[in-house]
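Trainee: Next come a sequence and a model predicted from it.
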Amino acid sequence: MLTNSQYRHLPDEWAADLMSMGFVRDGMSQNFVLNGVVFGFHGGDWLLLKAKSPARKKDFLIDQMGKPGLWKVLKEGRRTYQVFEFYLSAVTGNEGDLHVDPDEGRSPFRAVLNWAMQTLDGSHPDRWLPPPREELAALIPSVRLTVQRGAHARQGELICEPNRLALRFPIVTSVPEGLSRKRQHWLRRLLSEAQNRWRMVRLGFIRDLSTVSVQAEVDLTGIPLETLPGLVEIALAALRCAVEWVLASAVFVADPGRTCRALDG
């Protein structure tokens with residue numbers, strides 16, 4: 001559970017937005033709670049919504065991939081829970097001031113809260129459409145979709161479809177069918193660790209017709225368009241850092257031709 005020392009002062013406008021949506025203050029802390037979802041500041045300039053994890057029987061390294069929005073599953077020991085994290089500047093404007101979109105009649109903070117609550121159960125937000133690909137391309141230079149880590153290079157992609165907006169990088173393009181159970185275990189441990197470490201980023205397995213690959217993604221489906229420029233920049237930076245951190249290790253663990261006593265003993 002988050003401690004009070006991790007929170008900073010919550011603006012009155014945000015408290016009003018939270019309460020108008022049905023959140024209630026949790027005692028004397030700055031936590032706000034609605035149906036088991038807890039909101040608060042976390043780690044300096046990051047805002048966090050935290051909720052119970054999906055059903056235990058589900059494999060979160062498979063089940064979460066491709067779902068709309070920023071929710072992802074974190075694991076601490078045997079405990080798992082969902083988080084939706086976003087950066088303070090995405091909802092305060094360039095000067096760090098609170099503001100209201102005159103066209104929407106709502107604050108970007110309220111818009112992000114709505115986005116989080118609408119996608120909590122994996123649902124697609126109603127009546128949402130992505131911006132034109134040309135607008136997104138202007139925010140994401142092609143060079144930023146390439147990651148080089150030692151001898152390994154990966155090309156990411158911008159997914160912009162009528163019901164989907166995401167940034168995704170391949171990590172392991174094909175996990176061998178006969179990969180030992182021990183190597184599978186350590187690969188899963190590695191992906192879980194990377195997901196815990198890097199905010200906004202999900203990592204996991206994608207099953208195609210004949211292959212299983214390891215991918216890293218930030219899913220922005222449903223994003224309030226007034227927050228798009230700030231969140232895209234942060235999302236891409238986080239995604240690149242996660243790919244650089246996990247790439248060489250994941251490729252090594254997933255390659256049965258690379259001998260290692262710790263992995264093969």
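Mentor: Perfect, I can see it now. Numbers count the residues shown, from 1 in each chain.
Trainee: Next one: the residue lying closest to Pro131 once chain neighbours are set aside relative to Trp71, how far apart?
Mentor: Counting by CB to CB, 6 or more residues apart in numbering, the nearest residue to Pro131 once its immediate chain neighbours are dropped is Leu225, at 6.0 Å. For the C-beta atoms, the positions are set from N, CA and C on the backbone; glycine is no exception. Using CB to CB, to the nearest Å, we find Leu225 at a distance of 19 Å from Trp71.
Trainee: Would you state the helices of the stretch 151-265 of the chain in chain order?
Mentor: 181-197, 228-253, 261-264 (DSSP state H, counting those that start in this stretch).
Trainee: Which stretch among those is buried most, on average?
Mentor: helix 228-253 (a mean of 20; mean count of other CB atoms under 10 Å).
Trainee: pLDDT of that helix, averaged?
Mentor: For helix 228-253, mean pLDDT rounds to 94.
Trainee: Skipping adjacent residues, who's closest to Val172 in space?
Mentor: With CB to CB, 6+ apart as the criterion, Val172 has its nearest non-adjacent residue at 3.9 Å, and that residue is Val214.
Trainee: I should have written Glu244 there, sorry.
Mentor: In space, Glu244 is closest to Arg149, 5.1 Å off (CB to CB, 6+ apart).
Trainee: who's in contact with the one you found?
Mentor: 243-244, 247-248 (CB atoms under 8 Å, 6 or more residues apart in numbering).
Trainee: again with Val38
Mentor: Shown in contact with Val38 (CB under 8 Å, 6+ apart): 2, 26, 31-32, 49-51.
Trainee: What residues are bridge-paired with the residue nearest to Glu244?
Mentor: Judged by DSSP bridges, the bridge partners of Arg149 are His152.
Trainee: any idea how far Arg183 is from it?
Mentor: Counting by CB to CB, the gap from Arg149 to Arg183 is 20 Å.
Trainee: what residue is smack in the middle of the protein?
Mentor: Of all residues in the chain, the one closest to the mean position by CA atoms, centre = their mean is Met200, 2.7 Å from it.
Trainee: Between helix 228-253 and whichever helix or strand Leu113 is part of, find me the angle.
Mentor: Element membership for Leu113 (DSSP states H and E) is helix 108-119. For helix 108-119 against helix 228-253, the angle by axes from the mean of the first three to the mean of the last three CA atoms, to 10 degrees is 50 degrees.
Trainee: Quick one: list the elements packing against helix 108-119.
Mentor: Applying 3 or more CB pairs under 8 Å, 6 or more residues apart in numbering; DSSP states H and E, we find helix 108-119 packed against helix 12-20, strand 46-52, strand 79-87.
Trainee: Pass me the low-pLDDT residue ranges in the stretch 51-200 of the chain, would you?
Mentor: 55-57, 93-106 (pLDDT under 70).
Trainee: before we move on, the earlier item: angle of the helix holding Leu113 against strand 46-52?
Mentor: Helix 108-119 runs at 20 degrees relative to strand 46-52, counting by the same axes, to 10 degrees.
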